[in-house]
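K.L.:
I'll drop the sequence and a predicted model, then ask my questions.
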Amino acid sequence: MTFNLPILLTWLRILMIPLFAGVFYFEQAWLSHATQNLVATVIFTVAAITDWLDGWLARRLNQTSAFGAFLDPVADKLMVAAALIILVQLGRVDAVVALIIIGREIAISALREWMASIGQGKSVAVSMVGKIKTAAQMIAIPMLLYHDAIGAFDPQRWGTWLIWVAALLTLISMGYYLKMAWAAARGRI
């Protein structure tokens, strides 16, 4: 297993997940709701930044590896799934949205693995719709975690709107990936 700075950042992101989730289980006497929201938002945002940073560093420092390529999306999916489950539990996200996003991540991960096993891994590479979906998610989730109004700005309302956009883009990108995989695998099944 390769160990370098990008992989260290990915492991750090994975280690942040229990800390992130645990914030909401502290006693209210120790952390108020507002403080829980703020701390969870900061942790998730730092994790999102390390997601971008580890990829950038891996390319910039020429430290890409098969293990890093495997671990990075796992860390991302775990963090997003943890956030969505917590947001459902807090009543800030509809369970349907969480099911769509988490279900798509599982399905596309399995699809990519299967396509790689038949030598067609490049046919399900990340699409622009998938990137926009990820951006919408990564903006919506911190808004939903923070929850409380900031002056006239209502993060809950905007986050809810944006997470539904992310769910719609999730379905569109899943359709795109399935279409690309079908075309690539048609002669190999």
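P.N.:
Here it is on my side, so go on. Given the structure is predicted, the values throughout are model-derived calculations rather than measurements.

K.L.:
got the contact list for the residue sitting nearest the centre point of the chain?
P.N.:
Closest residue to the average C-alpha location of the chain: residue 80 at 3.8 Å, with C-alpha atoms, centre = their mean. Contacts for residue 80 (C-beta atoms under 8 Å, 6 or more residues apart in numbering) come out as 101-102, 105, 137, 141. Every residue, glycine included, has its C-beta placed from N, CA and C.

K.L.:
May I ask which helix or strand encompasses it?
P.N.:
Following DSSP states H and E, one finds residue 80 within helix 66-89.

K.L.:
how far out from the middle of the chain is that helix?
P.N.:
5 Å (C-alpha atoms, centre = their mean, to the nearest Å).

K.L.:
Now the element after it, going C-ward?
P.N.:
Following helix 66-89 in sequence order, the next helix or strand is helix 95-117 (DSSP H and E).

K.L.:
Helix, strand, or coil at residue 42?
P.N.:
Assigned state for residue 42: helix (three-state reduction, DSSP: H, G, I helix; E, B strand; the rest coil).

K.L.:
List the buried residues in stretch 135-145.
P.N.:
Neighbour counts over stretch 135-145 (16 or more other C-beta atoms under 10 Å) mark 136-145 as buried.

K.L.:
which other residues reach it?
P.N.:
With contacts defined as C-beta under 8 Å, 6+ apart, stretch 135-145 is touched by 37, 40-41, 44-45, 48, 80, 83-84, 86-87, 92-93, 101, 155-156, 158-160, 162-163, 165-166, 169.

K.L.:
Then stretch 102-111?
P.N.:
Contacts with stretch 102-111, where a contact means C-beta under 8 Å, 6+ apart, come from 73, 77, 80-81, 84, 124, 170-171, 173-174, 177-178, 181.
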